[in-house]
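Trainee: output the structure for:
(chains A and B)
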There are 2 protein chains.
Amino acid sequence: MEIRYPNGKTYNLQKDREKIKKKNYQYGNRGMTLEDDLNESNKYYLANNIAVIHKKPTPIQIVQVDYPSRSQAVITEAYFKTPSTTDYNGVYRGKYIDFEAKETKSLTSLPLKNFHEHQIRHTEAILSCGGIGFVIIRFSKTEEVFFLEGKHLLQFWHRMESGGRKSISKNEIMQFGYRIPLGIQPRIDYIRIIDSLYYGE
Amino acid sequence: MEIRYPNGKTYNLQKDREKIKKKNYQYGNRGMTLEDDLNESNKYYLANNIAVIHKKPTPIQIVQVDYPSRSQAVITEAYFKTPSTTDYNGVYRGKYIDFEAKETKSLTSLPLKNFHEHQIRHTEAILSCGGIGFVIIRFSKTEEVFFLEGKHLLQFWHRMESGGRKSISKNEIMQFGYRIPLGIQPRIDYIRIIDSLYYGE
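Mentor: Predicted coordinates:
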């Protein structure tokens, strides 16, 4: 027996999945960045009381502020500061969550120059205090997104420090990391990876 | 037998403690803010691998950026945005820690207008996801610092919403909160309060 939608169209799971995939892919083409997708996912987690994760504001060194009217302050001279932490953090199931998001146009590897020394030190500190630290990596040309645990990021960083390669190959990311399937709500469901890694769900 | 310092001066614990106390008090008078003290405390926790807690950068809406030279970007027009979270967060024993710091010159109460609606909503979300959320309150005239759990902050906020008083009295803060003794290293040892509240230590 055929299953039909209320509008009479035949229900076809495989086809629908492909449609969703295609729609998702178009999102990518419409210029959604990894940051956009993560912000949308974090909004979904917050609205559904699942997790509270925010992107940190960019740190700015303010030099001059003018007050053209009593009600408004205008910053007229300021500079970008190097951040001392990673970009995203928050709480899930009481645990501290901390990650950096990196996008690359390369098809074969993620160059380690995408990371600052202080982000690596921060990840080390987070892990040693029992936090859940990781990286979300997007290969923008293929729209593939991966979850790589902080401990592996540190290993690849240390390999570079010892004179080894200056990037993490895509093969290594596939071997040590986890592919995050793209969805609609949330778009990048990294919490599901945490469930499976830390809670065996 | 008298105990002496290497420089020959008599060792006097009581007197030295008073000196330290006095020095601390002078710090206050020299204009150390609650934020300075918390930043110093957080540096101590980080350096000693106890906790990783950072103050979030102030969120800024950047409108105009100039590039007078290739190496440097100057922000020439920007505005302060209302933050959507509290000021401090991080990790201790794997748990998510989140707090706001408030200072008042009042001797008798902390006015609730010191909080934004969104900070209250954020605290609610944090608690419902199992995070440890609280406020650190300093009465600047008496140099007293208190730790008040998020659940109590919410109670006092709801009281105001139901038409009750628009502040938390100092008596209430003393009754429901915990006094944080001021020290040298760290200056404001709020982690010790967390140890006693959540770990019975």
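
Trainee: check which helix or strand the residue lying closest to A:I136 once chain neighbours are set aside maps to.
Mentor: Leaving out its chain neighbours, the residue that sits closest to A:I136 by Cβ to Cβ, 6 or more residues apart in numbering or on different chains is A:A101, at 4.8 Å. Quick note: C-beta positions are derived from backbone N, CA and C, even for glycine. Taking DSSP states H and E as the criterion, A:A101 maps to strand A:95-104.

Trainee: and A:L110, by the same measure?
Mentor: Per DSSP H and E: strand A:109-111 holds A:L110.

Trainee: tell me which residues in that strand are buried?
Mentor: For strand A:109-111, the neighbour count (16 or more other Cβ atoms under 10 Å in any protein chain shown) marks A:S109, A:L110 as buried.

Trainee: for stretch A:178-197, same thing?
Mentor: For stretch A:178-197, a neighbour-count test (16+ other Cβ under 10 Å) marks A:Y178, A:I180, A:L182, A:P186, A:R187, A:I188, A:D189, A:Y190, A:I191, A:R192, A:I193, A:I194 as buried.

Trainee: list just the nearest of those residues to B:G94.
Mentor: Nearest to B:G94 among these is A:I194, at 12.9 Å by Cβ to Cβ.

Trainee: what separates the closest one from chain B, distance-wise?
Mentor: Distance, A:I194 to chain B, by Cβ to the nearest Cβ, to the nearest Å: 13 Å.

Trainee: for A:E144, same thing?
Mentor: Relative to chain B, and taking Cβ to the nearest Cβ, A:E144 is found at 29 Å.

Trainee: show me what contacts that residue?
Mentor: For A:E144, the contact set (Cβ atoms under 8 Å, 6 or more residues apart in numbering or on different chains) comprises A:R138, A:R179.

Trainee: who's it bridged to?
Mentor: For A:E144, the beta-bridge assignment (DSSP bridges) gives partners A:F139.

Trainee: contacting residues around the residue lying closest to A:N42 once chain neighbours are set aside?
Mentor: Excluding its sequence neighbours, the residue lying closest to A:N42 (Cβ to Cβ, 6+ apart) is A:I53, at 4.7 Å. Listed by Cβ under 8 Å, 6+ apart, the contact set of A:I53 reads A:N42, A:Y45, A:L46, A:Y88, A:N89, A:G90, A:V91, A:Y92, A:I97.

Trainee: and with 10 Å instead?
Mentor: Residues in contact with A:I53 (Cβ atoms under 10 Å, 6 or more residues apart in numbering or on different chains) are A:38-39, A:41-43, A:45-46, A:88-92, A:97-99, A:190-191, B:129.

Trainee: chain center to stretch A:116-125, what's the gap?
Mentor: 17 Å (Cα atoms, centre = their mean, to the nearest Å).

Trainee: do that stretch and chain B meet at all?
Mentor: Yes - judged by Cβ under 10 Å from any Cβ of the partner chain, stretch A:116-125 and chain B are in contact via A:R121, A:H122, A:E124, A:A125.

Trainee: now that stretch: average pLDDT?
Mentor: Here stretch A:116-125 scores 95 as its mean pLDDT.

Trainee: try stretch A:169-189
Mentor: Here the average pLDDT along stretch A:169-189 is 96.

Trainee: downstream of the helix or strand bottoming out on mean pLDDT in chain A, the next helix or strand is which one?
Mentor: Scoring the helices and strands of chain A by mean pLDDT, DSSP states H and E places helix A:13-29 at the bottom, with a mean of 45. The helix or strand immediately downstream of helix A:13-29 is helix A:34-47, counting by DSSP H and E.

Trainee: ok and that next one relative to strand A:95-104, angle-wise?
Mentor: If you take axes from the mean of the first three to the mean of the last three Cα atoms, to 10 degrees, helix A:34-47 sits at 160 degrees to strand A:95-104.

Trainee: then the helix or strand that helix A:34-47 is followed by to CSV, C-alphas only?
Mentor: Following helix A:34-47 in sequence order, the next helix or strand is strand A:51-55 (DSSP H and E). Listed next in CSV are the C-alpha coordinates belonging to strand A:51-55 (Å, rounded to 0.1, in the frame of the first residue of the first chain):
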residue,chain,number,x,y,z
ALA,A,51,22.1,23.4,25.7
VAL,A,52,23.3,27.0,26.2
ILE,A,53,26.2,27.7,23.8
HIS,A,54,27.2,31.1,22.6
LYS,A,55,29.8,32.6,20.3
